[in-house]
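In: Predicted model follows, preceded by the sequence.
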Amino acid sequence: MNSRSVVSIRIAKYGYIVMSVLFCIAGILMLLKPDLSVNAIGLFAGLSMIGFGAIKLIGYFSKDLFRLAFQYDLQFGALLVILGVITLFNPGDIMSFVCVTGGICIIAGCLFKVGISLEAKTFGIDEWWITTVLAAFAGTVGLRPSEVMKTMVIILGIAMLADGLLNICVALSMVKIIKNQKPELAE
């Protein structure tokens, strides 16, 4: 039996890591410079939602070995692309929209990741608890929107940093690439 290509799994895993590192950098930047231009934040948010949504869609269709990290990414990837497009059309007036939708996306992603980490425990992945702790932290921060713009930027920065770290943890611990992985007999 022939081996299946792992190119899409690699694109998804490393794309997930790259986007997560960008989220961490953006989160740190927002913490250090909370008075950033609303247009710049809106533009970055829109582009990053579209990019990360595309990576999630690739991940969903990649059929990684355990099927843990990307199992909910069809719906979540499509949602991110749609929210990213909406954000790009209104980058200047979008800060409250970005904070609310960003918080919702972070909370939803964290809830999915808690479920994924519990499933990872049954697979014998020792790092499952790290994902659970990071998901709880990122989700808690995502619950705290504020009416003050500077505070919103700081909270969004913390949430993006926490979510970026969570996504890196998931990609590194739960996406396994096996070079001679066999194609599935039935989909």
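Out: The structure has been received and is ready for your questions. Residues are numbered from 1 along each chain as shown.
In: Figure out the length between the terminal residues of stretch 61-75.
Out: End-to-end distance of stretch 61-75: 12 Å, with Cα to Cα, to the nearest Å as the criterion.
In: Touching it from outside, list them.
Out: If you take Cβ atoms under 8 Å, 6 or more residues apart in numbering as the criterion, stretch 61-75 is touched by 4, 8-9, 11-13, 16, 56-57, 59-60, 112, 116, 119-120, 123, 125, 170-171, 174-178, 181, 184. (Glycine included, C-beta is placed from N, CA and C.)
In: now the residues you listed: which count as buried?
Out: Of the members of these, the ones counted as buried by neighbours, 16 or more other Cβ atoms under 10 Å, are 4, 8-9, 12-13, 16, 56-57, 59-60, 112, 116, 119-120, 125, 170-171, 174-176, 181.
In: Quick check: helices, which of the residues you listed are part of them?
Out: 8-9, 12-13, 16, 56-57, 59-60, 112, 116, 119-120, 170-171, 174 (DSSP state H).
In: Identify, from these, the entry nearest to residue 43.
Out: Checking those against residue 43 with Cβ to Cβ, the nearest one is residue 56 at 20.4 Å.
In: how far away is the closest one from residue 86?
Out: Distance check for residue 56 against residue 86: by Cβ to Cβ, to the nearest Å, it reads 17 Å.
In: Report the secondary structure state of the closest residue to residue 139 other than its chain neighbours.
Out: Among residues not flanking residue 139 along the chain, residue 110 sits closest, at 3.5 Å (Cβ to Cβ, 6 or more residues apart in numbering). Here residue 110 is recorded as helix under DSSP: H, G, I helix; E, B strand; the rest coil.
In: Looks like residue 110 contacts residue 131 (just checking).
Out: No. Taking Cβ atoms under 8 Å as the definition, residue 110 is not a contact partner of residue 131, at 9.7 Å.
In: which neighbours do those two share?
Out: By Cβ under 8 Å, 6+ apart, the residues touching both residue 110 and residue 131 are residue 166.
In: Next, please give the residue ranges for the helices of the chain.
Out: So, for the chain - with DSSP H - the helices run 7-32, 38-62, 73-89, 95-123, 128-142, 149-174.
In: Take these and lay them out in a markdown table including mean pLDDT.
Out: Shown next, in a markdown table, are the helices of the chain (pLDDT from 0 to 100):
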| stretch | mean pLDDT |
| --- | --- |
| helix 7-32 | 86 |
| helix 38-62 | 85 |
| helix 73-89 | 88 |
| helix 95-123 | 81 |
| helix 128-142 | 84 |
| helix 149-174 | 80 |
